[in-house]
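J.: Okay, structure incoming, though there's no sequence with it:
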Ligand SMILES: CC(=O)SCCNC(=O)CCNC(=O)[C@H](O)C(C)(C)COP(=O)(O)OP(=O)(O)OC[C@H]1O[C@@H](n2cnc3c(N)ncnc32)[C@H](O)[C@@H]1OP(=O)(O)O
Ligand SMILES: O=C([O-])CC(=O)C(=O)O
């Protein structure tokens with residue numbers, strides 16, 4: 001018997017667990033592709049709905065496929081009365097990610113489609129989630145502000161309709177486009193923690209709603225998707241751009257993680273940041289407001305200080321957090337918006353996991369007490 005301790009990969013860092021044809025993150029070239037297409041090109045030329053189609057079906061839709069896909073998404077948006085009742089009964093103090101997690105769990109409980117786990121059945125459920133999650137997020141956004149929900153408008157695309165449901169109006173196309181770019185960039189990122197969570201749940205042959213509910217829980221944490229909210233709270237805490245260095249001195253001394261910086265895979269910068277940063281700068285330029293100028297200066301000062309003092313680069317949550325604030329969303333809506341996008345990647349991975357499933361079950365090295373007798377009497 002060997003007494004050698006096996007090598008432990010805490011946090012599964014560097015461990016390759018499976019193959020995937022959905023996306024690839026190439027650290028060496030700082031690039032990200034969805035089904036082979038560079039994400040930069042998708043963000044520049046395609047809609048979020050086209051990207052969802054690409055992730056699920058492996059190809060961009062042609063004109064007729066897109067018309068059909070968009071029509072089905074628009075038709076699936078309305079929530080039924082029971083769902084609305086369940087969600088309005090949640091405590092007002094409930095985090096919107098808890099609302100979303102409960103909503104998906106509830107959709108699973110009332111789904112009349114027989115759960116055969118086939119790709120077709122799962123695609124139908126995925127499309128319904130893509131259509132309905134923005135309605136939940138928008139209704140909850142309004143609830144926090146004491147306002148009644150606004151029904152979806154099926155003459156509007158997904159991004160425009162989301163603004164309409166949150167604010168009762170659609171901003172000018174440049175703002176909508178910046179939002180759509182954020183959805184495209186957030187859609188998919190290989191075996192990140194929430195996607196891996198969805199794959200673990202799926203690997204037991206559980207259903208799609210259970211996998212998505214668990215993935216929402218994983219995304220909520222501030223080391224993952226919750227960082228976009230934490231970024232905005234941190235900027236508010238620092239407040240004054242001239243205070244960045246002193247604030248960082250204290251944060252480093254307290255061993256605080258600086259939100260929106262660092263990444264498990266990218267060591268020299270996140271491939272999505274330049275595109276999102278450029279979109280955020282377009283929003284800053286059109287605001288022409290001293291408070292926005294202050295925030296933008298602070299945002300840039302913190303980015304420069306983190307790179308020069310620690311060599312740690314921003315991740316996508318850093319520009320996205322500020323962008324969502326500039327678009328008028330309140331901070332608790334930021335990670336739910338991430339869910340509205342990542343639902344595409346999660347569900348693509350669920351289908352892929354099922355296509356060649358293996359139960360995911362790693363090992364651990366026991367380091368508790370040696371075997372001992374149970375005291376009797
Ligand atoms: C969409 C997304 O989910 S992107 C990620 C969003 N999350 C965040 O922005 C939260 C802040 N960032 C972090 O906590 C980390 O960078 C993570 C969790 C994203 C990645 O962490 P890991 O790969 O586990 O790296 P780890 O935390 O071990 O960091 C390595 C070193 O860099 C430091 N470091 C990494 N990120 C940060 C950070 N944001 N602030 C301060 N130090 C950091 C660590 O302290 C550690 O230093 P040490 O070796 O001296 O102890
Ligand atoms: O890949 C990761 O670990 C986190 C991330 O950037 C994402 O999920 O978009």
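T.: Received the coordinates, thanks. Bear in mind that the values here come from a model prediction, so they are computed numbers and not experimental data. Ligands and ions are numbered 1, 2, ... in the order given.
J.: Point out the residues in the stretch 151-300 of the chain that sit beside ligand 1.
T.: Within reach of ligand 1 by Cβ under 6 Å from any ligand atom, the stretch 151-300 of the chain has these residues: 223, 224, 225, 227, 257, 258, 259, 260, 261, 262, 263, 264. Just so you know, the C-beta spots here come from the backbone N, C-alpha and C atoms, and that holds for glycine as well.
J.: Kindly recompute the last result at 8 Å.
T.: By Cβ under 8 Å from any ligand atom, the residues of the stretch 151-300 of the chain that approach ligand 1 are 186, 189, 192-193, 219, 222-228, 230-231, 251-252, 255-264, 270.
J.: For PyMOL, write a command that selects the buried ones of the residues you listed.
T.: In PyMOL syntax, the buried subset of these is picked out as below (16 or more other Cβ atoms under 10 Å):
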select buried, resi 186+189+192+193+219+222+224+225+226+227+228+230+231+251+258+259+260+261+262+263+264+270
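J.: Please name the nearest non-neighbouring residue to whatever residue of the stretch 101-250 of the chain ends up closest to ligand 1.
T.: Proximity of the stretch 101-250 of the chain to ligand 1 (Cβ to the nearest ligand atom) peaks at residue 227, 3.5 Å away. Nearest residue to residue 227, sequence neighbours excluded (Cβ to Cβ, 6 or more residues apart in numbering): residue 317, at 4.0 Å.
J.: That neighbour: neighbouring residues, count only.
T.: Neighbour count of residue 317, defined by other Cβ atoms under 10 Å: 30.
J.: I'd assumed residue 223 was in contact with it.
T.: No. Checked against Cβ atoms under 8 Å, the pair residue 317 and residue 223 is beyond contact range at 10.4 Å.
J.: For the residue nearest to residue 105 when sequence neighbours are not counted, give its distance to residue 162.
T.: What sits nearest to residue 105 in space, not counting adjacent residues and going by Cβ to Cβ, 6+ apart, is residue 213, at 4.8 Å. With distances taken as Cβ to Cβ, to the nearest Å, residue 213 is found 22 Å from residue 162.
J.: more crowded one of these two?
T.: Neighbours per residue (other Cβ under 10 Å) separate residue 213 from residue 162, with residue 162 holding more: 26 against 23.
J.: so how far is residue 147 from the more buried one?
T.: The gap separating residue 162 from residue 147 is 15 Å, by Cβ to Cβ.
J.: where does the chain dip in pLDDT?
T.: Applying pLDDT under 70 to the chain picks out residues 1-3, 112-115.
J.: got the residues of it near ligand 2?
T.: Proximity of the chain to ligand 2, by Cβ under 8 Å from any ligand atom, involves residues 25, 186, 188-195, 219, 224-225, 263-266, 270, 272, 315-317, 342.
J.: which element is the residue nearest to residue 105 on?
T.: Here residue 213 sits within helix 208-220, counting by DSSP states H and E.
J.: List the buried residues for that helix?
T.: Residues of helix 208-220 classed as buried: 208, 209, 210, 211, 212, 213, 214, 215, 216, 218, 219, 220 (neighbour count, 16+ other Cβ under 10 Å).
J.: nearest residue to residue 333 other than its sequence neighbours?
T.: Spatial nearest neighbour of residue 333, excluding adjacent residues (Cβ to Cβ, 6+ apart): residue 141 at 5.1 Å.
J.: ok, the residue nearest to residue 105 touching residue 106?
T.: No. Using Cβ under 8 Å, residue 213 makes no contact with residue 106, being 9.6 Å away.
J.: what residues are up against the residue of the chain at minimum distance from ligand 1?
T.: Checking the chain residue by residue against ligand 1 with Cβ to the nearest ligand atom singles out residue 262 as nearest, at 2.2 Å. Residue 262 makes contact with 312, 313, 315, according to Cβ atoms under 8 Å, 6 or more residues apart in numbering.
J.: Buried ones from the residues you listed, can you make that a PyMOL selection?
T.: The command below creates a PyMOL selection of those among the contacts of residue 262 that count as buried (16+ other Cβ under 10 Å):
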select buried, resi 313+315
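J.: ok, and of the contacts of residue 262, which contact ligand 1?
T.: Near ligand 1, judged by Cβ under 8 Å from any ligand atom, the entries from the contacts of residue 262 are 312, 315.
J.: Would you format the contacts of residue 262 as TSV with distance to residue 202 and secondary structure included?
T.: Putting these into TSV (distance: Cβ to Cβ, whole Å; DSSP: H, G, I helix; E, B strand; the rest coil) gives the following:
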residue	distance to residue 202	secondary structure
312	33	coil
313	32	coil
315	26	coil
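J.: nearest to residue 283, of the contacts of residue 262?
T.: Among the contacts of residue 262, residue 315 lies closest to residue 283 (Cβ to Cβ), at 18.8 Å.
J.: Now the closest one: phi and psi?
T.: phi -100, psi 180 (degrees, to the nearest 10).
J.: ditto for the one 3 residues further on
T.: According to degrees, to the nearest 10, the main-chain angles of residue 318 amount to phi -70, psi -60.
J.: wait, doesn't residue 100 sit right on residue 336?
T.: Yes. If you go by Cβ under 8 Å, residue 100 and residue 336 touch, sitting 5.3 Å apart.
J.: Can you check which residues contact both of those two?
T.: Residues touching both residue 100 and residue 336 (Cβ under 8 Å, 6+ apart) are 133, 137, 140.
J.: how many neighbours does the first one have?
T.: Put plainly, it is residue 133. For residue 133, the count of nearby residues is 24 (other Cβ under 10 Å).
J.: same thing with the one 5 residues further on?
T.: The burial metric for residue 138, expressed as a neighbour count using other Cβ under 10 Å, is 24.
J.: ok, now how distant is it from residue 336?
T.: For residue 138, the distance to residue 336 - Cβ to Cβ - is 10 Å.
J.: thinking again about what came up before, identify, from the contacts of residue 262, the entry nearest to residue 297.
T.: Closest approach to residue 297 among these (Cβ to Cβ): residue 313, at 19.1 Å.
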